Structures are given as C-alpha cells and as structure tokens.
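Student: Using only what follows, build the 3D model:
(one chain, ligands or ions: 1)
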Amino acid sequence: MEANMYLCVGAGFSCAVIARKLAEAGKKVTVIDSRSHIAGNCFTERDAETDVMVHTYGPHIFHTDDKEVWDYVNSWASFKPYINRVKTTSQGKVFSLPINLHTINQYFDKTLSPSEAKEFINSIADKSIGEPVTFEEQAMKFVGKDLYEAFFKGYTQKQWGLNPSELPASILKRLPVRFNYDDNYFNHQYQGMPEDGYTKIVENILDHENIEVKLELPYEKEMLEAYEHVFYSGPLDSYFDFKHGHLSYRTLDFKQEIHDGDYQGTAVMNYGDVEVPYTRITEHKYFSPWESHDKTVIYREYSRLCEADDIPYYPIRIVGGKDMLDKYVAEAKLTKKVSFIGRLGTYRYLDMDVTIREALDAAEITLSKINNNEPV
Ligand code: UDP
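Tutor: Next up, the predicted model:
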C-alpha cells in the first residue's frame, strides 16, 4: 500500500467533492466508476441532433438553503437563475403545482382568498388523523381526499409502484401546500441551473493533478488493499454481495422523442391519472430558457421496480420494512477503511445539495483525522 492514496468509488457529486478536498490537501485520489461517464445520475449532455442540453437521468434542478453549498457549486460553474414551475395534467385539465391558491381555486372552481382557502381546505381535510405516518395520511390530513386523489394518489402509485398507504409520510413532506399564488416548486432560498450542465461542474471539481479518474471500472474488494481508505458511493447492499437480501429501488425508463418547435411549453408536466402510463414528460430545452432551439427533445418518464442490471434511482423505504436496511447499516459501521456515502451508499432519497453538504462534512472529518494521526 502506498501512503496517502485514497479511492473514491463512483464519480458523482459525493465522491467528486471528497476527492477534490483530499487532493487539495495533497493526497492522491483515484476515482472509479463502472459507467462510461462521470456525474452519476446528474449527468447532462447536449443532444447530437438538436444541441439541447439533456438531463439524461431525469430533471435536476439545483436548490438549497445552505449558503456554503450554494457558494461551493457556484465556484465550479456559472449558474443561471431558474425557478422550477411544475404543471400537472389531471382529469383532463392542467393545474399548477405545488398545490397553491391557483390550484385550489381552479380545481374547486372558486375565487377564494388565502384565508378563505385555508378555512376551506381545513373543512375538507381529514382531521381525525393525528401525526401522519403514511403518505396517504399526510395527504388526507393536509389537502383532503379530492386533491389527494387528483394529484397524488395516481402519480405516487405510478412513481413508487405501491399504494400511498404503504409509503412513508416523509415523501410527501417534500412538497409544500401554499395559500398564495407562489408556484415555485421549492421553498429554498437559492435555486438555479448550471449554464453548461451538471457534467461540467463535476468535471471541473475532478480536474486536479492529484485526482485520477478511471471509467468503466467496477469496484472489487481486492482494491481495498491498495488504499488507505475507500469512499464508497455505490449501492450499500451490493458492497456486501446482497448477503441480507436486495434493498428495493425504483428505476426509470425514458422514451425520447424529437419534435419541431415546442412540445408542451414547459420543462416538466406531471400526469396525475393512474391510467396514463408515464409519470411525467420533460421538455429539456426549457431547463435552458436562455438558449434558443428550433427543435425540441422530450422524455416520457416511466417508473418501475429496479432489477439486476438496471440503474437504481429511488430507494424504496417502505413503512415497517427496515430490518434488512438496519442489518446493512450496522455492517457498514463495522467495516473498517470504508465510508459509505451518498444516495446509494446510505440508501437515502437525497437531493444534490444534501449530497454535497454531507460530502463536504465527510472530507473535513477525514482530513482532521489525518492531521491528528487518527485512523480514518
Ligand atoms: N408527487 C405526486 N404528484 C406529483 C408530484 C409528486 O404524487 O405531481 C409525490 C410523489 O410520490 C413524489 C413525491 O410527491 O415521489 C415527492 O415529489 P418530488 O417532486 O419531490 O419527487 P421527485 O421528482 O424529486 O422524486
């Protein structure tokens, strides 16, 4: 083993951020990825036919309340102001998301003021529910049956392949309900889109003389020997050869179409009805509204259970199904020389900003241990 050599498994945000911090501290870092490209599921590239910047693994909008993370990403790329304004088609009509005063007035054919709408929703919400545990309880308690069924029930069934009564309330807690006309999908203070895409950010972060990137190279246990420490951002269960079983994930299939002009007039259109087989349609050129294109690329997005060779996207944390995960987490804690990081390494549904925050913190902890001559 050569001293000062570190291995990062996975070339997404988690490993890129850690690799860079270690490299700047004079450590040699190898970053490997089994895929043929960097940036993980944040990967973006220009479509060859239309030149539109495409979010290959689905829409990624950067949003955060963490000023340090915002400054960090802005130090690697130029961000353009971008507000995520999502629409949904349900029961033959188009509505504004997240549920806001426009959605409520449009759905119930009313002209309510903010306080009237609050009172009205309160009157139709299920007040018998205490602290919501499931997705369905959360929805029934905060928006009531009609809005739940129009916007959440079918979509969630398609997205997660489960009835919302089997999913945790935390999934819905990601979305606000607003009694004003603010249709910004996120509540965060900072939001934007990288002008040259996400791949470029990761490429810039990894561009350091102490970092070597090797693509199409899957991790193998024997590699551990050659390094002082391994940061592993691959799937947690795969690291342990699935000895406790397979953790469930959803994967996504995208069906691409190219059209002349505009297709739907916005970046993301969700489809709330369970009869429509896709969850949403993304029209990528609207992620770069500062650019102009004659043609347009759309993705119809289909969600299904992840099988052996599929790309895992969303960890399915089922209410009451924690045993297998607990076993892996316990084992990971006992595994010397390896830190499990990121969405797949920790089996959590993480946004990009949280991933970066945790990677910055992990790098800081590691460097302080190294400086104090403690085992990493
Ligand atoms: N959701 C829904 N209808 C929508 C949008 C979201 O039912 O039109 C649900 C769905 O279960 C989703 C969750 O709310 O997983 C959180 O939404 P978010 O947009 O954060 O999901 P993401 O696209 O990031 O997975």
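
Student: Now P194. Nearest residue, chain neighbours left out?
Tutor: Leaving aside its sequence neighbours, P194 sits nearest to A77 (Cβ to Cβ, 6 or more residues apart in numbering; 4.4 Å). For glycine as for every other residue, the C-beta is placed from the backbone atoms N, C-alpha and C.

Student: cool, and I201?
Tutor: Closest residue to I201 apart from its sequence neighbours, by Cβ to Cβ, 6+ apart: A77 at 4.4 Å.

Student: burial count for the residue nearest to P194?
Tutor: When neighbours are counted by other Cβ atoms under 10 Å, A77 registers 21.

Student: show me the contacts for it.
Tutor: P194, E195, D196, K200, I201, N204 (Cβ atoms under 8 Å, 6 or more residues apart in numbering).

Student: Tell me how far the third one lies from E283.
Tutor: To E283, D196 is 19 Å away according to Cβ to Cβ, to the nearest Å.

Student: same thing with the second one?
Tutor: With the distance defined as Cβ to Cβ, E195 ends up 19 Å from E283.

Student: Check L305 too.
Tutor: Distance, L305 to E283, using Cβ to Cβ: 27 Å.

Student: For the two, indicate the residue with more neighbours.
Tutor: Neighbour count, other Cβ under 10 Å: between L305 and E283, E283 has more, with 21 against 13.

Student: So what pairs up with the more buried one in the strands?
Tutor: Counting by DSSP bridges, E283 is bridged to I298.

Student: Count the residues that sit near the closest residue to L367 other than its chain neighbours.
Tutor: The shortest distance from L367 to any non-neighbouring residue, by Cβ to Cβ, 6+ apart, is to A25 (5.4 Å). Per other Cβ under 10 Å, the neighbour tally for A25 reads 15.

Student: try D241
Tutor: A count of nearby residues for D241, using other Cβ under 10 Å, gives 8.

Student: Give me the pLDDT for it.
Tutor: The per-residue pLDDT reported for D241 equals 96.

Student: M1 too?
Tutor: M1 is assigned a pLDDT of 50 by the prediction.

Student: So what sits opposite the nearest residue to I311 once chain neighbours are set aside in the bridge?
Tutor: Spatial nearest neighbour of I311, excluding adjacent residues (Cβ to Cβ, 6+ apart): T251 at 5.8 Å. For T251, the beta-bridge assignment (DSSP bridges) gives partners R304.

Student: what number of residues lie near T251?
Tutor: T251: 16 neighbours (other Cβ under 10 Å).

Student: ditto for the one 4 residues further on
Tutor: The number of residues packed near K255 is 11, by other Cβ under 10 Å.

Student: repeat for E209
Tutor: Burial of E209 is recorded as 7 neighbouring residues (other Cβ under 10 Å).

Student: Distance check, it against the ligand.
Tutor: Shown here: E209 relative to the ligand, a distance of 36 Å by Cβ to the nearest ligand atom, to the nearest Å.

Student: Outline the domain layout of this structure.
Tutor: Here the domain parsing of the chain from automatic domain parsing is 5-46+65-78+191-244+321-371, 104-173.

Student: What's the end-to-end length of the first one?
Tutor: Looking at domain 5-46+65-78+191-244+321-371, the gap from its leading to its trailing residue is 15 Å under the measure Cα to Cα, to the nearest Å.

Student: Can you list the low-confidence ranges for this protein?
Tutor: Scanning the chain for pLDDT under 70 picks out the ranges 1-3, 319-321.

Student: Spatially, what comes nearest to the closest residue to the ligand within the stretch 251-376 of the chain if we skip its sequence neighbours?
Tutor: For the stretch 251-376 of the chain and the ligand, the shortest gap (Cβ to the nearest ligand atom) falls at N270, measuring 3.8 Å. Excluding the flanking residues, the one nearest N270 by Cβ to Cβ, 6+ apart is T88, at 4.0 Å.

Student: Is there proximity between the helix or strand that contains that neighbour and the ligand?
Tutor: Per DSSP states H and E, T88 falls inside strand 87-90. Yes: applying Cβ under 6 Å from any ligand atom, one finds strand 87-90 touching the ligand at T88.

Student: Tell me which residues are up against that strand.
Tutor: Contacts of strand 87-90 (Cβ under 8 Å, 6+ apart): 94-97, 150-151, 154-155, 266, 268-273, 276.

Student: Would you confirm that K80 contacts F287?
Tutor: No: assessed by Cβ atoms under 8 Å, K80 is found out of contact with F287, at 9.6 Å.

Student: Those two: which has the busier surroundings?
Tutor: Taking other Cβ under 10 Å, K80 and F287 do not tie; F287 has more neighbours (24 against 14).

Student: roughly how far apart are that one and K27?
Tutor: F287 is 35 Å from K27, by Cβ to Cβ.

Student: same question, R304
Tutor: With the distance defined as Cβ to Cβ, R304 ends up 41 Å from K27.

Student: Of the two, which one has the most company?
Tutor: K27 (20 against 12).

Student: for the more buried one, what are its contacts?
Tutor: N4, M5, Y6, N210, I370.

Student: Was I right to think the third one contacts K21?
Tutor: No: distance between Y6 and K21: 10.4 Å, which falls outside the contact criterion (Cβ under 8 Å).

Student: In terms of neighbours, single out the busier of the two.
Tutor: The residue with more neighbours, out of Y6 and K21, is Y6; 23 against 19, by other Cβ under 10 Å.

Student: tell me which element the closest residue to that one other than its chain neighbours is part of?
Tutor: Once flanking residues are discounted, Y6 sits nearest to V29: 4.7 Å by Cβ to Cβ, 6+ apart. Following DSSP H and E, one finds V29 within strand 28-33.

Student: cool, and I281?
Tutor: strand 280-283.

Student: Now tell me what touches that strand from outside.
Tutor: With Cβ under 8 Å, 6+ apart, strand 280-283 has contacts from 55, 58-59, 262-271, 296-301.
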